[in-house]
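K.L.:
Dropping the sequence and predicted coords here.
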Amino acid sequence: MVTVVKLTANGLDNTFGTGGVVTTPVAFVGGSDEVDITTQPDGKILVSATVASPTNASDRDVAVIRLLDTGALDPTFGTDGVATINVNDAVLDANVLTGLDASRGLTANASAIFLHTVSRGKRELTAGAVRTDTDFTVVKLTPTGAIDTTFGTDGRFQLDIGLSNATARAIRVLDDGKILAGGYANSPGLGTTQPVIFKLTAEGLLDTTFAQGGVFHDTVLAQQTEVYNFAIHGSKFVTGGYGRETGSTNDYISLRFDLETGVRDTTWGGVTGGKVLFDPSGTKLGSNCRGAFALPDGKTLLIGSTGPSNQPTQDAVFAVLTANGALDTSYGSGIHKFALGANGNDQFWGAAVSGNTVAIVGWKGGGTAPTETSNDDAWGVVFALR
């Protein structure tokens, strides 16, 4: 069940739910990074999650839950506090249900809620042919949880990158009402997995003044470059993700772009081509950055993990970049690894900044064979900014 935990500066907030914990009636059926959380300007809490379709349990829809600051479901939103959206139906392909909806990102302002999802492509290839690939899809909801049909086409904008499968990640509604979204795709045009960053107008159309016709999708690292999230710093935004030039192990990578024009800053970090690339393990174990978050003074927090999956050597990681893209050595080497448990697969996936304090959350993994005493537990780390 989708569960929400609220913390004070000193621990669980006992005024929220039961002892700081709310277990909603929504059953989650997605994978990693298919749950997201944000707050509205009025303090209400929004959570998005991948759920089973009510008409076909094997298909997937996207649900948005709204909670009051007490943790109670908001009865004015959706149906009893939950809005469920069928972005598109999956189809059978070689007896496998393909093109499932997936919840990937969530953002809101005072007048609307925006979801970044994966959904099966709608445009037919030829008459009668069925699409099985997925698109980047942004859905706009009204404050009551209904689809806003004035946005894009019937409340949706879909970005089709060369009939390839989309991996949607970050989304942010900007102060001017435009929407910035990102992820990655392995398109036939490039032949490798590379970033996809696009910007929409408030009406749900590509902002053609951004990058190339509204979309940045270009080769950065030769083999793979992924974008999981971005930190906005004034007129710039910084990405966090992972990739590699060669071989089979990933490093953390960060890029910086102009927020208005989408032009990539090739001086970021003072390195060739503006590709800030580093290995948190120091021993080429493989590393996955899962998010970028804006800190004061133009600094950026990057979070994730390093080490082989489901092994004791995989640790949770955070790193801090200066405003110029260098590792911030006021935090030791700038890289901090946490062995949250002795059974491996430790990861950080989310973070929040409040004043001079940063909270990072993730899990202490259960390894390949979890038991009652060796299982996956939620974990949090709090530290003060320097």
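P.N.:
Thanks, I have it.

K.L.:
Can you list the low-confidence ranges for the stretch 101-250 of the chain?
P.N.:
Low-confidence segments of the stretch 101-250 of the chain (pLDDT under 70): 124-128.

K.L.:
can you do 90?
P.N.:
101, 121-133, 162-164, 247-249 (pLDDT under 90).

K.L.:
And the strands in it, which stretches?
P.N.:
102-108, 113-120, 134-141, 156-159, 166-173, 179-186, 193-200, 215-216, 224-225, 229-233, 236-244 (DSSP state E, counting those that start in this stretch).

K.L.:
mind exporting the third one as CSV, just the C-alpha atoms?
P.N.:
Spelled out, it's strand 134-141. C-alpha atoms of strand 134-141 as CSV (Å, rounded to 0.1, in the frame of the first residue of the first chain):
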residue,chain,number,x,y,z
THR,A,134,5.9,4.1,-25.2
ASP,A,135,6.0,7.9,-25.3
PHE,A,136,6.8,10.6,-22.7
THR,A,137,3.4,11.9,-21.6
VAL,A,138,2.5,14.9,-19.5
VAL,A,139,-1.1,15.0,-18.1
LYS,A,140,-2.6,18.1,-16.5
LEU,A,141,-5.2,17.8,-13.7
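
K.L.:
Counting by contacts, list what that strand packs against.
P.N.:
strand 82-85, strand 113-120, strand 156-159, strand 166-173, strand 179-186, strand 193-200 (3 or more Cβ pairs under 8 Å, 6 or more residues apart in numbering; DSSP states H and E). Yep, even glycine has a C-beta here, placed from its N, CA and C like the rest.

K.L.:
circling back: adding distance to Ala27 and mean neighbour count, write the strands of the stretch 101-250 of the chain out as a markdown table.
P.N.:
As requested, the strands of the stretch 101-250 of the chain are arranged in a markdown table below (distance: least, Cβ to Cβ, whole Å; neighbours: other Cβ atoms under 10 Å):
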| stretch | distance to Ala27 | mean neighbour count |
| --- | --- | --- |
| strand 102-108 | 13 | 24 |
| strand 113-120 | 18 | 26 |
| strand 134-141 | 21 | 26 |
| strand 156-159 | 24 | 22 |
| strand 166-173 | 22 | 24 |
| strand 179-186 | 25 | 24 |
| strand 193-200 | 30 | 24 |
| strand 215-216 | 35 | 20 |
| strand 224-225 | 33 | 22 |
| strand 229-233 | 26 | 23 |
| strand 236-244 | 30 | 25 |
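
K.L.:
Export those to TSV and append columns for distance to Pro280.
P.N.:
Below are the strands of the stretch 101-250 of the chain laid out as TSV (distance: least, Cβ to Cβ, whole Å):
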stretch	distance to Pro280
strand 102-108	24
strand 113-120	27
strand 134-141	28
strand 156-159	31
strand 166-173	20
strand 179-186	20
strand 193-200	20
strand 215-216	26
strand 224-225	17
strand 229-233	17
strand 236-244	10
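
K.L.:
Check whether Val173 really touches Gly105, as I assumed.
P.N.:
No - judged on Cβ atoms under 8 Å, Val173 makes no contact with Gly105 at a distance of 10.7 Å.

K.L.:
Any idea which of the strands of the stretch 101-250 of the chain gets closest to Ala384?
P.N.:
strand 229-233 (18.8 Å; Cβ to Cβ).

K.L.:
Partner strands of the closest one, with direction?
P.N.:
According to DSSP bridges, strand 229-233 forms sheet pairs with strand 236-244 (antiparallel).

K.L.:
Give me the angle between the strand it pairs with and strand 193-200.
P.N.:
Put simply, strand 236-244 runs at 160 degrees to strand 193-200, going by axes from the mean of the first three to the mean of the last three Cα atoms, to 10 degrees.

K.L.:
Strand 236-244 to strand 166-173, inter-axis angle?
P.N.:
Per the same axes, to 10 degrees, the angle that strand 236-244 makes with strand 166-173 is 160 degrees.

K.L.:
Which one of the strands of the stretch 101-250 of the chain lies nearest to Gly71?
P.N.:
strand 102-108 (18.0 Å).

K.L.:
tell me which strands and helices that closest one is in contact with?
P.N.:
Using 3+ Cβ pairs under 8 Å, 6+ apart, strand 102-108 sits against strand 35-39, strand 45-52, strand 60-67, strand 113-120, strand 166-173, strand 179-186.

K.L.:
neighbouring strands for that strand, and are they parallel or not?
P.N.:
Strand 102-108 is paired, per DSSP bridges, with strand 113-120 (antiparallel).

K.L.:
The strand it pairs with versus strand 60-67: what angle between them?
P.N.:
On the basis of the same axes, to 10 degrees, strand 113-120 is oriented at 170 degrees to strand 60-67.

K.L.:
ok so, going back, which one of the helices and strands packed on strand 102-108 lies closest to Asp328?
P.N.:
Here strand 166-173 is closest among those (Cβ to Cβ), at 22.1 Å.

K.L.:
could you check the angle strand 35-39 makes with the closest one?
P.N.:
10 degrees.

K.L.:
Please put the alpha-carbon coordinates of strand 166-173 into PDB.
P.N.:
C-alpha atoms of strand 166-173 as PDB (Å, rounded to 0.1, in the frame of the first residue of the first chain):
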ATOM      1  CA  ALA A 166      10.400   6.400 -23.400                       C
ATOM      2  CA  THR A 167      11.900   6.500 -19.800                       C
ATOM      3  CA  ALA A 168      10.200   9.500 -18.300                       C
ATOM      4  CA  ARG A 169      11.700  10.900 -15.100                       C
ATOM      5  CA  ALA A 170      11.700  14.600 -13.900                       C
ATOM      6  CA  ILE A 171       9.000  17.200 -14.300                       C
ATOM      7  CA  ARG A 172       8.800  20.800 -12.900                       C
ATOM      8  CA  VAL A 173       6.200  23.500 -13.400                       C
END
